[in-house]
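Student: Sequence below, structure please.
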Amino acid sequence: MAIEIDLSGRVVLVTGGTRGIGAGIGETFLRAGAEVYACAREPVDRLPSHGARSAEFRQADVRDAEQVAGLIAEITRRSGRLDVVVNNAGGTPVADTARASIRLHRKVVELNLIAPLLVAQHARPVLADHGGSIIMISSVSGSRPSPGTAAYGAAKAGLDNLTGTLAQEFAPRVRVNAVVVGLVRSAGQAEHYGDEPAAISGIVPMGRLAEPADVGNACVFLASPMAAHITGSTVTVDGGGERSAYLTARRTI
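Tutor: Coordinates of the predicted model:
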C-alpha cells in the first residue's frame, strides 16, 4: 500500500512565501491538499499554485509585531484555524563584515532570527487549538563559517538553538522543527554563488542544487502525522553537503 501525505483541511502559513524557496514550499503544501497563505512585504503578480488551486496572499512585514498579530488573526478569522507555520522569510545581501554598517547587521538578525520568534509567539495559541507545527527554514550557514554573510550565519545559528528551545516550551501541543537548507536553485542564487549552477553542482555529492520543492517535501513531512513524534529536530536538505576538498585533490593525483 502506497504511503501518501494528505493534508486536506489543514491551513498553512508560509512567510516569505511568494518567490524562491517560499513559493516552492507553498506549492508543495498545495499538492498535499492544504490551504495555503503566502505572506510577504510586497504583492507579486504570481502566487504559488497547483492545478486550479493557488495560495492566498497576505501582505505583512513579519518584523512588525502588530502586523504579525493582524496576520494570524485574519487567517484564523477566514479559515477558522491555523495548523502549520513555515518561517521561511529571511535572507541577506553579501557584504564585507568589517565594512558593513551596524544597521545592516541589525536588520539581517532581525529578519532571520527575531521575526521567526515573533511569528512563533503569536501563532502558538492558535496552533495549540488543533495540535500544530512550526517549521523554521534554517541554513547550513548556521553551522559553518559564513564569510560575506556573517550576521546571517550567526542568526541562523541562533534559529537552530531557538528551534530546540521552543520545541520544549511549546510541547506537547505544538511541534517545532527546522529544515536546514544548503545550495538551492532559485532566482537569488547568482548573487551568492554565480550564474553557472553546473560549476557549483559539482561540489554537491548528489550532483545538483536542491530545487525549492525538495525543501517543500521536507516541510510537508514534518507537518504531517508521519512526524507526530518529531520535535526539536533538524532535517538537512543539502545533497550531502559540499564535497571535501581532499577528495578533489585525491582524484588529481
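Student: so who does residue 140 touch?
Tutor: Neighbour list for residue 140: 180, 181, 182, 236, 238, 241 [criterion: C-beta atoms under 8 Å, 6 or more residues apart in numbering]. For glycine as for every other residue, the C-beta is placed from the backbone atoms N, C-alpha and C.
Student: Only whichever of those residues are buried, select them in ChimeraX.
Tutor: Filtering the contacts of residue 140 down to the buried ones (16 or more other C-beta atoms under 10 Å) takes a single ChimeraX command:
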select :180,181,182,236,238
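Student: Give me the subset of the contacts of residue 140 lying in strands.
Tutor: When those are checked against strands (DSSP state E), the matches are 180, 181, 236.
Student: bridging residues for the second one?
Tutor: Think residue 181. In this structure, residue 181 bridges to residue 139, residue 237 when assessed by DSSP bridges.
Student: just the contacts of residue 140 now: which is nearest residue 52?
Tutor: residue 181 (29.4 Å; C-beta to C-beta).
Student: from what I can see that closest one touches residue 239, true?
Tutor: No - counting by C-beta atoms under 8 Å, residue 239 is not a contact partner of residue 181; they are 10.5 Å apart.
Student: so what sits against both of these two?
Tutor: Contact criterion C-beta under 8 Å, 6+ apart; residues shared by residue 181 and residue 239: residue 210.
Student: Okay, now the unreliable bits of the stretch 101-250 of the chain?
Tutor: The model of the stretch 101-250 of the chain has pLDDT under 70 over residues 187-199, 201, 244-250.
Student: Which parts of the stretch 1-150 of the chain are strands?
Tutor: 11-15, 35-40, 49-50, 53-54, 56-59, 84-87, 132-139 (DSSP state E, counting those that start in this stretch).
Student: Can you convert those into a markdown table and add a column each for distance to residue 223 and mean neighbour count?
Tutor: Listed next are these as a markdown table, based on distance: least, C-beta to C-beta, whole Å; neighbours: other C-beta atoms under 10 Å:
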| stretch | distance to residue 223 | mean neighbour count |
| --- | --- | --- |
| strand 11-15 | 7 | 29 |
| strand 35-40 | 11 | 25 |
| strand 49-50 | 16 | 15 |
| strand 53-54 | 17 | 15 |
| strand 56-59 | 18 | 16 |
| strand 84-87 | 4 | 29 |
| strand 132-139 | 5 | 27 |
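Student: I'd like those as CSV, with distance to residue 229 appended.
Tutor: Formatted as CSV, those follow (distance: least, C-beta to C-beta, whole Å):
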stretch, distance to residue 229
strand 11-15, 21
strand 35-40, 25
strand 49-50, 29
strand 53-54, 30
strand 56-59, 31
strand 84-87, 17
strand 132-139, 12
